[in-house]
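**Student:** Show me how the following folds:
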Amino acid sequence: MVSQEVSQLLGKLLLEKSDSRPRVTNDNLFSESQFKTLKYHPEFPDRFGSFEEAREFIRAFVAWYNHEHHHEGIKLLTPAVVHSGRSEEVLAARSVTMDRAHGRNPERFARGKLAARGGLDQPSSNPCQSARHPA
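**Tutor:** Presented below is the predicted three-dimensional model:
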């Protein structure tokens, strides 16, 4: 990332170089996590036949990642649920389901009932800014 050619290319593409700043949501950590999920996705091909094939794969992957993939960092919710403001509703429904399951089969819960769940950060109006870590 220090070569003149890469810096020039980023400028031409109107991209901002990340310098691994801590507590910033557009940092490398998040991109690397998404790249790992992409690379290890069961349908990720060895090679793409064309640029358009790659583009279509990424479109489908991003839709899956945002609407179907449950992220550990946001309490196994999808980003779409969090950004739609439905996280508390989904977590409450999940809690009811877990309480019913515990009532029917308490022996299946090694540590007893699940602990109370904490809150989630609400999405910022700025998509590149975390509610917990403002810029």
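
**Student:** just for this protein, where's the confidence low?
**Tutor:** 1-4, 18-30, 111-135 (pLDDT under 70).

**Student:** Can you name the residues that contact residue 81?
**Tutor:** By C-beta atoms under 8 Å, 6 or more residues apart in numbering, the contact set of residue 81 is 87, 90. Quick note: C-beta positions are derived from backbone N, CA and C, even for glycine.

**Student:** ok, then the element right after the host helix or strand of it?
**Tutor:** Using DSSP states H and E, residue 81 falls within helix 79-83. Downstream of helix 79-83, the first helix or strand assigned by DSSP H and E is helix 87-104.

**Student:** Only C-alpha atoms, please: export that following helix in CSV.
**Tutor:** Extracted C-alpha coordinates of helix 87-104, given in CSV (Å, rounded to 0.1, in the frame of the first residue of the first chain):
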residue,chain,number,x,y,z
SER,A,87,-33.4,-6.3,16.1
GLU,A,88,-35.2,-5.9,19.4
GLU,A,89,-38.3,-7.6,17.9
VAL,A,90,-36.3,-10.5,16.6
LEU,A,91,-34.4,-10.9,19.8
ALA,A,92,-37.6,-10.9,21.8
ALA,A,93,-39.2,-13.5,19.6
ARG,A,94,-36.0,-15.6,19.9
SER,A,95,-36.1,-15.3,23.7
VAL,A,96,-39.7,-16.5,23.8
THR,A,97,-38.7,-19.5,21.6
MET,A,98,-35.7,-20.3,23.8
ASP,A,99,-37.8,-20.0,27.0
ARG,A,100,-40.4,-22.5,25.6
ALA,A,101,-37.7,-24.9,24.6
HIS,A,102,-36.1,-24.7,28.0
GLY,A,103,-39.5,-25.3,29.6
ARG,A,104,-40.1,-28.4,27.6
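
**Student:** If anything else comes up later, I'll come back, but that's it for now.
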